[in-house]
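Asker: below are the sequence and a predicted model for it; my questions follow.
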Amino acid sequence: MVEGLRYLVIYLPAFPLERCGYAAVDLAGLIAEEKSAMRIQAVTPAARKAGLRPFMTATEARALVPEVELILQDLVEEQRDRASLIQRFTEISDRVRAPWTDTLVAEITGTSGCFGGEEEQRAHAIALAHRLGHEARAVVSGDPRAGRALARWGREGVVPPGGGRVALAELPLDALEPSESLLGALRSVGIERVEAFARLDGAAVAHRFGAEGVSLHSLARGRRGAALPELADDDAPVRVSTALAGATSLLQLNFVLPGLLGELSLALAQRGLAAVRLRVVLQLETIGKGPSHWGIGVTVGRPTRDVPTLERLVRLRMEGAKLTAPVEELAIEVVEGVPEVGWQPGLTDRTEATEPLPDVLARLADHLGPQALCGAEVVERWKPEAAWRPVSWPPGALFGARRQTGRAARQQALDPVLLQQHHEVPQLLPRPAILLQRPEVVEVRVEAGRLAAVRLSRGWARVARCEGPERLRSDWWSQDAWSRDYWVAGLGDRTAWLFADGQGRWHLHGWFD
């Protein structure tokens, strides 16, 4: 930490459960699937006192505390609530972040005078948390990690500059949140308190306990510690991987695929994203001058983070692949993602029980190449049957719109200027959904200068309504000059698009439905 900076640390011991309607005194916990079992992710202070701990299975938790209430964790909503909480605490400081899921850190250097002092600013933060429905403990210190350690162990207040060592001295070693291996190593030599750890020689700590030991030793002595942890950055690439002991068959890769895609889905959920394009990368054992890795792209027809859907698409793309060397690592990365908006299939149309069209098109593009598929873009030409051109698939590329991920995409989606521009784009005149390949000559009856009936293959159809004419002419430089008057005619349960040419003949050119 930079010397002279001051930090207000707000510890929210029950935040993940309070946002679900529970109080700190309730026996409750959040669970999620981890290591092939439903495990505890967070608990209330009361549940922790009863003996419940993160990573404990739901079965073990209910056996220990039968009355505990366990609910599924929703990481997406939790992240949104945390972002809203950070926004509310900007009235304390313009620099607020959440390095830990249950702790906010606000830099308050030089701002305490606006509140009457650091103690008053600390009290203001606690009062704000209470108004928002959260139990909170707050500490002002020169190091956020020291402030968090004190707040977690109930030592609230203001730590004067340079007083970190004295404030931390009587805390148990657990307060510094060491890894299990470091905690065990220190306890094996009789170190139980922070002050005992601080008295150790720095060189000896570095030699025996490595980088983590040096960082926590510096913190225990009230000096500058390591950089704060950071929650996932919305703009960082999403990538998961797993080490393999020289896999030589696709069967071995398929075995680890569901778990790896589960991690990927969780990472996407934490950012509120869905995958559009993935890349599967196999790190191969280097043999001679052969390639050290092998990669393949996977296009998702409809943005999703559903594990079975992604697994099916990845397996289809990997079918028939020949491994040239044993695989040391399997990685999957998100090349393109979009904000998740949800999708409800088959609500009224049971035909969607089969593979959706977007997935079919994505699979064809992967196997046959993107050039095998095309979309249609409207162009400014007067001749209706020539007023389009083929463009590369997917249609999102028609307008040069580059998909964005993370924070940038959500901000653009809410940009009021862009929304207003979208509504101000002039709409084209009515054009039929079905355009015949060649206009068909039809007989019509005209009464008082208006269409009265049209003869179709099934017989005469009365014109219930008629709109027009809309005159379309050929380009002035066209050698086959033409002029057409188009009409929109309601014929029973269908709406037709007809035109009269310069010779007085009528043609059916398309249907609107």
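Answerer: Yes, it's here. Residues are numbered from 1 along each chain as shown.
Asker: thought Gly246 was touching Gln252, still the case?
Answerer: No: counting by CB atoms under 8 Å, Gln252 stays clear of Gly246, with 9.2 Å between them. (C-beta placed from N, C-alpha, C; glycine too.)
Asker: please name the bridge partners of Val281.
Answerer: Per DSSP bridges, the residues bridged to Val281 are Gly295, Ala331.
Asker: how close does it sit to Leu330?
Answerer: Using CB to CB, to the nearest Å, we find Val281 at a distance of 8 Å from Leu330.
Asker: in contact with Cys466, which residues?
Answerer: Arg450, Leu451, Trp487, Val488, Ala489, Gly490 (CB atoms under 8 Å, 6 or more residues apart in numbering).
Asker: would TSV of those residues with pLDDT be doable?
Answerer: TSV is the format used below for the contacts of Cys466 (pLDDT from 0 to 100):
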residue	pLDDT
Arg450	80
Leu451	86
Trp487	88
Val488	90
Ala489	90
Gly490	90
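Asker: now, those that are in strands?
Answerer: The strands, defined by DSSP state E, take in Arg450, Leu451, Trp487, Val488, Ala489, Gly490 from the contacts of Cys466.
Asker: can you count the residues close to the closest residue to the fourth one other than its chain neighbours?
Answerer: Pointing back at Val488 there. Closest residue to Val488 apart from its sequence neighbours, by CB to CB, 6 or more residues apart in numbering: Glu467 at 4.4 Å. Glu467: 12 surrounding residues under other CB atoms under 10 Å.
Asker: same thing with Gly369?
Answerer: 9.
Asker: returning to that earlier point: looking at Val281 and Leu330, which is more packed in?
Answerer: Between Val281 and Leu330, counting by other CB under 10 Å, Leu330 is the more crowded of the two (20 against 15).
Asker: which SSE is the residue nearest to Val488 in?
Answerer: For Glu467, the host element (DSSP states H and E) is strand 459-473.
Asker: tell me the bridge partners for the residue nearest the centre of the chain.
Answerer: Centroid-nearest residue in the chain: Leu273, 2.0 Å away (criterion: CA atoms, centre = their mean). Per DSSP bridges, the residues bridged to Leu273 are Pro339.
Asker: the one helix or strand Glu33 maps to: partners in the sheet, and parallel or antiparallel?
Answerer: Using DSSP H and E, the element containing Glu33 is strand 28-34. Note on strand 28-34: by DSSP bridges, its sheet partners are strand 37-43 (antiparallel), strand 69-72 (parallel).
Asker: what does the first one rub up against?
Answerer: Read it as strand 37-43. With CB under 8 Å, 6+ apart, strand 37-43 has contacts from 16-17, 28-34, 52-59, 61, 70, 73, 101-102.
Asker: in it, what's buried?
Answerer: Neighbour counts using 16 or more other CB atoms under 10 Å place Arg39, Ile40, Gln41, Ala42, Val43 of strand 37-43 among the buried residues.
Asker: same deal with the last one?
Answerer: Neighbour counts using 16+ other CB under 10 Å place Leu70 of strand 69-72 among the buried residues.
Asker: next secondary structure after it?
Answerer: Assigned by DSSP H and E, the successor of strand 69-72 is helix 75-88.
Asker: tell me what that following helix is packed against?
Answerer: With contacts taken as 3 or more CB pairs under 8 Å, 6 or more residues apart in numbering; DSSP states H and E, helix 75-88 sits against helix 15-18, strand 96-100, helix 250-271.
Asker: quick check: end-to-end length of stretch 25-43?
Answerer: 11 Å (CA to CA, to the nearest Å).
Asker: average pLDDT for it?
Answerer: When pLDDT is averaged over stretch 25-43, the result is 86.
Asker: any stretches of the stretch 201-350 of the chain with poor pLDDT?
Answerer: Residues of the stretch 201-350 of the chain that meet the criterion pLDDT under 70 lie in 224-236, 286-293, 341-350.
Asker: what about the helices in it?
Answerer: Secondary structure of the stretch 201-350 of the chain (DSSP state H, counting those that start in this stretch): helices at 202-220, 250-271, 307-318.
Asker: residues touching the first one, excluding its own?
Answerer: Spelled out, that is helix 202-220. Under CB under 8 Å, 6+ apart, the answer for helix 202-220 is 143, 145-146, 149, 164-165, 168, 176, 178-179, 182, 185-186, 194-195, 197-198, 200, 224-226.
Asker: mind doing that once more with 10 Å?
Answerer: Helix 202-220 has contacts (CB atoms under 10 Å, 6 or more residues apart in numbering) with 143, 145-146, 149, 164-165, 168-169, 171, 173, 175-179, 181-183, 185-186, 189, 193-201, 221, 223-227.
Asker: buried ones only from those residues, please, as a PyMOL command.
Answerer: Entered in PyMOL, the line below selects the buried ones among these, by 16+ other CB under 10 Å:
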select buried, resi 143+145+146+149+164+165+168+169+171+173+175+176+178+182+183+185+186+193+194+195+197+198+200+221+223+225
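Asker: which of the contacts of helix 202-220 fall within helices?
Answerer: 145-146, 149, 164-165, 168, 181-183, 185-186, 194-198 (DSSP state H).
Asker: may I see the buried residues of stretch 260-273?
Answerer: 260-273.
Asker: quick one: the host helix or strand of Arg438 to strand 459-473, angle?
Answerer: Per DSSP H and E: Arg438 is located in strand 434-447. Using axes from the mean of the first three to the mean of the last three CA atoms, to 10 degrees, the direction of strand 434-447 lies 110 degrees away from that of strand 459-473.
Asker: ends of stretch 489-496, what's the gap?
Answerer: 5 Å.
Asker: buried ones in the strand holding Glu33?
Answerer: Ala28, Gly29, Leu30, Ile31.
Asker: same check, this time on stretch 361-380
Answerer: Under the neighbour-count criterion of 16+ other CB under 10 Å, stretch 361-380 has Leu361, Ala362, Arg363, Leu364, Ala365, Asp366, Gly375 buried.
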